[in-house]
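K.L.:
here's my sequence, what's the structure:
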Amino acid sequence: MRLTLPSLHTKLITFFIFISFLILSSPLSGHETKKGNEFDKLIQQLIHDGFEKKKVELLFSNKNIFFNPEGVSLFFVHTESSLNYNQFTSKKSIKNALKYLDAHKNALDQAQKTYGVDKTIVTAILLVETRLGAYLGKRTVINTLSTMAALTDDTLRERIWNSIPDKKKTEKEAFIKKVAKRSKWGYEELKALIKYSEQEKIAPESIKGSYAGALGISQFMPSNALKLAKDGNNDGKIDLFTHADAIFSVANYLKHHGWKPGIARQKQHKVLFSYNHSNYYVDILLKISDKLKG
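P.N.:
Prediction:
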(Lines give C-alpha, C1' and ligand atoms only; values in the text may rest on other atoms or scores of the structure.)
Protein backbone atom coordinates (compact mmCIF):
# COMPACT_ATOMS: atom_id res chain seq x y z
CA MET A 1 0.00 0.00 0.00
CA ARG A 2 1.33 3.44 -0.89
CA LEU A 3 1.91 5.76 2.08
CA THR A 4 0.62 9.34 2.12
CA LEU A 5 3.05 12.06 3.21
CA PRO A 6 1.57 12.49 6.71
CA SER A 7 1.67 8.75 7.22
CA LEU A 8 5.28 8.53 6.01
CA HIS A 9 6.31 11.38 8.28
CA THR A 10 4.74 9.65 11.27
CA LYS A 11 6.50 6.40 10.45
CA LEU A 12 9.89 8.15 10.20
CA ILE A 13 9.45 9.89 13.55
CA THR A 14 8.48 6.59 15.19
CA PHE A 15 11.51 4.89 13.64
CA PHE A 16 13.96 7.52 14.92
CA ILE A 17 12.42 7.44 18.40
CA PHE A 18 12.88 3.66 18.44
CA ILE A 19 16.52 3.92 17.31
CA SER A 20 17.22 6.59 19.95
CA PHE A 21 15.75 4.34 22.62
CA LEU A 22 18.01 1.48 21.56
CA ILE A 23 21.09 3.69 21.67
CA LEU A 24 20.29 5.13 25.09
CA SER A 25 19.46 1.75 26.57
CA SER A 26 22.51 0.04 25.12
CA PRO A 27 25.19 -1.20 27.52
CA LEU A 28 27.60 1.01 25.59
CA SER A 29 25.92 4.07 27.05
CA GLY A 30 26.99 3.01 30.51
CA HIS A 31 23.53 3.21 32.10
CA GLU A 32 22.87 -0.51 32.19
CA THR A 33 26.29 -1.55 33.46
CA LYS A 34 26.82 1.18 36.04
CA LYS A 35 27.57 -0.30 39.45
CA GLY A 36 25.77 0.71 42.59
CA ASN A 37 27.32 3.26 44.94
CA GLU A 38 27.03 1.14 48.09
CA PHE A 39 30.80 1.19 48.63
CA ASP A 40 31.40 4.92 48.05
CA LYS A 41 31.72 5.72 51.77
CA LEU A 42 33.80 2.62 52.34
CA ILE A 43 36.21 3.62 49.58
CA GLN A 44 36.64 7.06 51.13
CA GLN A 45 37.27 5.52 54.54
CA LEU A 46 39.96 3.23 53.13
CA ILE A 47 41.65 6.19 51.43
CA HIS A 48 41.42 8.19 54.66
CA ASP A 49 43.09 5.29 56.49
CA GLY A 50 46.09 5.32 54.17
CA PHE A 51 45.24 3.09 51.23
CA GLU A 52 46.32 4.46 47.86
CA LYS A 53 43.41 6.25 46.17
CA LYS A 54 43.98 4.95 42.65
CA LYS A 55 44.43 1.36 43.79
CA VAL A 56 41.31 1.39 45.96
CA GLU A 57 39.15 2.97 43.30
CA LEU A 58 40.45 0.54 40.68
CA LEU A 59 39.80 -2.40 43.01
CA PHE A 60 36.20 -1.47 43.68
CA SER A 61 35.51 -0.65 40.03
CA ASN A 62 35.88 -4.38 39.32
CA LYS A 63 32.51 -5.76 38.20
CA ASN A 64 33.04 -8.88 40.33
CA ILE A 65 33.18 -6.84 43.54
CA PHE A 66 29.71 -5.83 44.71
CA PHE A 67 27.39 -5.40 47.68
CA ASN A 68 26.02 -8.83 48.58
CA PRO A 69 23.13 -8.71 51.09
CA GLU A 70 21.91 -12.24 50.36
CA GLY A 71 25.25 -13.78 51.26
CA VAL A 72 25.98 -11.64 54.31
CA SER A 73 22.48 -12.14 55.70
CA LEU A 74 23.52 -15.75 56.44
CA PHE A 75 25.94 -14.39 59.00
CA PHE A 76 23.04 -13.11 61.07
CA VAL A 77 21.06 -16.36 61.12
CA HIS A 78 23.97 -18.77 61.71
CA THR A 79 24.01 -20.54 65.06
CA GLU A 80 26.79 -22.75 66.40
CA SER A 81 24.25 -25.13 67.95
CA SER A 82 22.92 -26.04 64.51
CA LEU A 83 26.23 -27.62 63.50
CA ASN A 84 26.73 -31.36 63.83
CA TYR A 85 30.38 -31.70 64.81
CA ASN A 86 29.90 -35.34 65.80
CA GLN A 87 29.97 -36.27 62.13
CA PHE A 88 33.74 -35.70 62.19
CA THR A 89 34.29 -38.54 64.64
CA SER A 90 32.63 -41.10 62.36
CA LYS A 91 34.65 -44.07 61.10
CA LYS A 92 34.73 -42.61 57.61
CA SER A 93 36.00 -39.21 58.79
CA ILE A 94 38.68 -40.73 60.98
CA LYS A 95 39.75 -43.01 58.15
CA ASN A 96 40.11 -40.00 55.85
CA ALA A 97 42.09 -38.16 58.52
CA LEU A 98 44.47 -41.09 58.91
CA LYS A 99 45.00 -41.10 55.16
CA TYR A 100 45.72 -37.37 55.36
CA LEU A 101 48.30 -37.94 58.10
CA ASP A 102 50.06 -40.37 55.80
CA ALA A 103 49.75 -38.34 52.60
CA HIS A 104 51.10 -35.16 54.23
CA LYS A 105 53.46 -36.82 56.70
CA ASN A 106 56.49 -34.70 55.82
CA ALA A 107 54.74 -31.36 56.25
CA LEU A 108 52.93 -32.46 59.41
CA ASP A 109 56.10 -33.89 60.99
CA GLN A 110 58.09 -30.79 60.13
CA ALA A 111 55.40 -28.46 61.48
CA GLN A 112 55.22 -30.49 64.68
CA LYS A 113 58.99 -30.29 65.05
CA THR A 114 59.13 -26.56 64.26
CA TYR A 115 56.19 -25.34 66.35
CA GLY A 116 55.76 -28.10 68.92
CA VAL A 117 52.12 -28.66 68.01
CA ASP A 118 50.75 -32.22 67.85
CA LYS A 119 50.12 -33.14 64.22
CA THR A 120 46.89 -34.93 65.13
CA ILE A 121 45.53 -31.62 66.45
CA VAL A 122 46.48 -29.83 63.23
CA THR A 123 44.81 -32.59 61.22
CA ALA A 124 41.70 -32.43 63.41
CA ILE A 125 41.35 -28.70 62.75
CA LEU A 126 41.68 -29.13 58.99
CA LEU A 127 39.16 -31.97 59.08
CA VAL A 128 36.52 -29.92 60.89
CA GLU A 129 37.21 -26.66 59.06
CA THR A 130 37.23 -27.87 55.44
CA ARG A 131 37.09 -31.67 55.45
CA LEU A 132 40.84 -31.67 54.84
CA GLY A 133 40.55 -29.22 51.97
CA ALA A 134 37.55 -30.78 50.25
CA TYR A 135 35.22 -27.88 51.02
CA LEU A 136 36.71 -24.40 50.94
CA GLY A 137 33.63 -22.23 50.50
CA LYS A 138 32.39 -20.58 47.34
CA ARG A 139 31.75 -17.00 48.40
CA THR A 140 33.96 -14.14 47.24
CA VAL A 141 35.67 -13.03 50.44
CA ILE A 142 36.09 -9.38 49.49
CA ASN A 143 32.36 -9.10 48.73
CA THR A 144 31.51 -10.57 52.12
CA LEU A 145 33.86 -8.30 54.05
CA SER A 146 33.11 -5.17 52.03
CA THR A 147 29.39 -5.67 52.49
CA MET A 148 29.87 -6.22 56.21
CA ALA A 149 32.09 -3.15 56.51
CA ALA A 150 29.59 -0.95 54.67
CA LEU A 151 26.81 -1.62 57.18
CA THR A 152 27.52 1.55 59.14
CA ASP A 153 25.05 2.99 56.62
CA ASP A 154 21.48 2.56 57.94
CA THR A 155 20.00 2.07 54.46
CA LEU A 156 22.41 -0.74 53.65
CA ARG A 157 21.78 -2.29 57.05
CA GLU A 158 18.06 -2.42 56.22
CA ARG A 159 18.83 -4.24 53.00
CA ILE A 160 20.53 -6.95 55.01
CA TRP A 161 17.59 -7.11 57.41
CA ASN A 162 15.17 -7.44 54.51
CA SER A 163 17.26 -10.26 53.02
CA ILE A 164 16.80 -12.42 56.11
CA PRO A 165 13.76 -14.73 55.89
CA ASP A 166 11.12 -13.68 58.42
CA LYS A 167 11.16 -17.04 60.19
CA LYS A 168 14.91 -16.71 60.80
CA LYS A 169 14.98 -13.12 62.00
CA THR A 170 16.03 -12.28 65.54
CA GLU A 171 14.74 -9.26 67.44
CA LYS A 172 15.50 -6.12 65.46
CA GLU A 173 17.36 -4.54 68.37
CA ALA A 174 19.63 -7.57 68.72
CA PHE A 175 20.27 -7.50 64.96
CA ILE A 176 21.24 -3.81 65.01
CA LYS A 177 23.59 -4.38 67.92
CA LYS A 178 25.27 -7.30 66.18
CA VAL A 179 25.58 -5.35 62.91
CA ALA A 180 27.31 -2.46 64.70
CA LYS A 181 29.89 -4.83 66.16
CA ARG A 182 30.40 -6.91 63.04
CA SER A 183 30.68 -3.93 60.74
CA LYS A 184 33.78 -2.74 62.61
CA TRP A 185 35.15 -6.26 62.57
CA GLY A 186 34.44 -6.61 58.84
CA TYR A 187 36.26 -3.36 58.09
CA GLU A 188 39.40 -4.49 59.93
CA GLU A 189 39.31 -7.83 58.11
CA LEU A 190 38.79 -6.07 54.78
CA LYS A 191 41.89 -3.95 55.34
CA ALA A 192 43.84 -7.09 56.21
CA LEU A 193 42.57 -8.85 53.08
CA ILE A 194 43.69 -6.01 50.83
CA LYS A 195 47.14 -5.98 52.47
CA TYR A 196 47.44 -9.76 52.32
CA SER A 197 46.45 -9.93 48.64
CA GLU A 198 48.97 -7.20 47.78
CA GLN A 199 51.68 -8.93 49.81
CA GLU A 200 51.10 -12.26 48.10
CA LYS A 201 50.26 -10.74 44.70
CA ILE A 202 46.81 -12.35 44.60
CA ALA A 203 43.79 -10.77 42.92
CA PRO A 204 41.47 -10.23 45.92
CA GLU A 205 38.32 -10.91 43.90
CA SER A 206 39.66 -14.39 43.13
CA ILE A 207 39.78 -15.46 46.79
CA LYS A 208 36.83 -17.64 47.78
CA GLY A 209 35.85 -18.58 51.30
CA SER A 210 33.14 -19.13 53.86
CA TYR A 211 29.98 -17.12 54.54
CA ALA A 212 31.98 -15.24 57.22
CA GLY A 213 35.04 -14.48 55.08
CA ALA A 214 37.39 -17.23 56.25
CA LEU A 215 39.72 -18.52 53.55
CA GLY A 216 41.90 -21.48 52.65
CA ILE A 217 42.22 -25.04 53.91
CA SER A 218 42.79 -23.67 57.41
CA GLN A 219 39.90 -21.17 57.18
CA PHE A 220 41.96 -18.25 58.44
CA MET A 221 40.43 -14.81 58.62
CA PRO A 222 42.53 -12.31 56.61
CA SER A 223 43.98 -10.71 59.76
CA ASN A 224 45.39 -14.07 60.82
CA ALA A 225 46.54 -14.83 57.28
CA LEU A 226 48.45 -11.55 57.32
CA LYS A 227 50.05 -12.04 60.76
CA LEU A 228 50.33 -15.77 61.41
CA ALA A 229 50.27 -17.67 58.11
CA LYS A 230 53.49 -19.42 57.09
CA ASP A 231 55.18 -20.67 53.93
CA GLY A 232 55.26 -24.40 54.59
CA ASN A 233 56.65 -25.57 51.26
CA ASN A 234 59.36 -22.90 50.95
CA ASP A 235 58.19 -21.64 47.56
CA GLY A 236 58.43 -17.99 48.64
CA LYS A 237 54.65 -17.55 48.86
CA ILE A 238 52.03 -17.97 51.53
CA ASP A 239 49.10 -19.73 49.93
CA LEU A 240 46.56 -21.10 52.39
CA PHE A 241 44.99 -23.12 49.60
CA THR A 242 48.04 -25.39 49.60
CA HIS A 243 48.29 -28.10 52.25
CA ALA A 244 51.83 -27.43 53.46
CA ASP A 245 51.16 -23.73 54.02
CA ALA A 246 47.86 -24.46 55.76
CA ILE A 247 49.49 -27.06 58.02
CA PHE A 248 52.37 -24.78 59.04
CA SER A 249 50.01 -21.84 59.51
CA VAL A 250 47.70 -23.75 61.87
CA ALA A 251 50.67 -24.95 63.88
CA ASN A 252 52.10 -21.43 64.10
CA TYR A 253 48.70 -20.05 65.11
CA LEU A 254 48.37 -22.51 67.98
CA LYS A 255 51.94 -21.89 69.15
CA HIS A 256 51.25 -18.15 69.07
CA HIS A 257 48.26 -18.69 71.35
CA GLY A 258 50.20 -20.74 73.87
CA TRP A 259 50.49 -24.33 72.68
CA LYS A 260 53.61 -26.09 73.94
CA PRO A 261 54.71 -29.73 73.76
CA GLY A 262 53.19 -31.73 76.58
CA ILE A 263 50.73 -29.08 77.77
CA ALA A 264 47.86 -30.26 79.97
CA ARG A 265 44.45 -31.11 78.51
CA GLN A 266 42.85 -28.08 80.14
CA LYS A 267 45.47 -25.79 78.59
CA GLN A 268 44.98 -27.46 75.20
CA HIS A 269 41.29 -26.66 75.45
CA LYS A 270 42.02 -23.00 76.17
CA VAL A 271 44.39 -22.67 73.19
CA LEU A 272 42.00 -24.41 70.78
CA PHE A 273 39.16 -22.19 71.96
CA SER A 274 41.04 -19.27 70.43
CA TYR A 275 40.64 -20.89 67.01
CA ASN A 276 36.86 -21.10 67.33
CA HIS A 277 35.05 -19.81 70.40
CA SER A 278 32.96 -22.93 70.90
CA ASN A 279 33.38 -25.56 73.60
CA TYR A 280 31.54 -28.02 71.36
CA TYR A 281 34.10 -27.39 68.60
CA VAL A 282 37.08 -27.81 70.92
CA ASP A 283 35.74 -31.02 72.48
CA ILE A 284 35.38 -32.57 69.02
CA LEU A 285 38.93 -31.59 68.06
CA LEU A 286 40.29 -33.36 71.11
CA LYS A 287 38.18 -36.44 70.45
CA ILE A 288 39.43 -36.60 66.85
CA SER A 289 43.02 -36.25 68.05
CA ASP A 290 42.54 -39.08 70.51
CA LYS A 291 41.10 -41.35 67.82
CA LEU A 292 43.96 -40.55 65.43
CA LYS A 293 46.47 -41.52 68.09
CA GLY A 294 44.65 -44.83 68.53
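K.L.:
show me the helices in the protein, by range?
P.N.:
Ranges of helices in the chain, per DSSP state H, are 5-25, 40-48, 53-60, 69-73, 91-103, 105-115, 119-130, 141-149, 154-163, 172-199, 222-228, 243-256, 265-273, 279-293.
K.L.:
okay if I get those helices as CSV plus mean neighbour count and distance to Ser206?
P.N.:
C-betas here are computed from N, CA, C, even on glycine. Listed next are those as CSV, based on neighbours: other CB atoms under 10 Å; distance: least, CB to CB, whole Å:
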stretch, mean neighbour count, distance to Ser206
helix 5-25, 10, 32
helix 40-48, 16, 19
helix 53-60, 14, 12
helix 69-73, 19, 17
helix 91-103, 14, 26
helix 105-115, 17, 24
helix 119-130, 24, 18
helix 141-149, 26, 9
helix 154-163, 15, 25
helix 172-199, 17, 9
helix 222-228, 21, 14
helix 243-256, 25, 17
helix 265-273, 15, 31
helix 279-293, 17, 29
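K.L.:
hey, least reliable of those helices by pLDDT?
P.N.:
Here the helices of the chain differ in mean pLDDT, and the lowest is helix 5-25 at a mean of 41.
K.L.:
ok, back up a step: out of the helices of the chain, nearest to Gly216?
P.N.:
Gly216 lies closest, by CB to CB, to one member of the helices of the chain: helix 243-256, at 5.8 Å.
K.L.:
so what touches that closest one?
P.N.:
Helix 243-256 has contacts (CB atoms under 8 Å, 6 or more residues apart in numbering) with 104, 107-108, 110-112, 114-117, 121-122, 125-126, 133, 216-218, 220, 224-225, 228-233, 237-240, 271-272, 275.
K.L.:
from the chain's centroid, how far away is it?
P.N.:
18 Å (CA atoms, centre = their mean, to the nearest Å).
K.L.:
now do that helix against helix 119-130: the angle between them, please.
P.N.:
110 degrees (axes from the mean of the first three to the mean of the last three CA atoms, to 10 degrees).
K.L.:
tell me the angle helix 243-256 makes with helix 265-273.
P.N.:
Computed by the same axes, to 10 degrees, the angle separating helix 243-256 from helix 265-273 equals 120 degrees.
K.L.:
dump the helices of the chain into TSV; add distance to Gly209 as well.
P.N.:
TSV is the format used below for the helices of the chain (distance: least, CB to CB, whole Å):
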stretch	distance to Gly209
helix 5-25	37
helix 40-48	19
helix 53-60	17
helix 69-73	11
helix 91-103	21
helix 105-115	22
helix 119-130	10
helix 141-149	4
helix 154-163	19
helix 172-199	10
helix 222-228	9
helix 243-256	13
helix 265-273	21
helix 279-293	18
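K.L.:
of all those helices, which lies closest to Tyr85?
P.N.:
helix 279-293 (4.1 Å).
K.L.:
hang on, the earlier thing: quick one: closest of the helices of the chain to Lys208.
P.N.:
Counting by CB to CB, Lys208 lies closest to helix 141-149 out of those; the figure is 6.7 Å.
K.L.:
helices or strands up against that closest one?
P.N.:
helix 69-73, helix 172-199, strand 208-209 (3 or more CB pairs under 8 Å, 6 or more residues apart in numbering; DSSP states H and E).
K.L.:
take the ones you listed and lay them out in CSV including distance to Leu151.
P.N.:
Shown next, in CSV, are the helices and strands packed on helix 141-149 (distance: least, CB to CB, whole Å):
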stretch, distance to Leu151
helix 69-73, 8
helix 172-199, 4
strand 208-209, 19
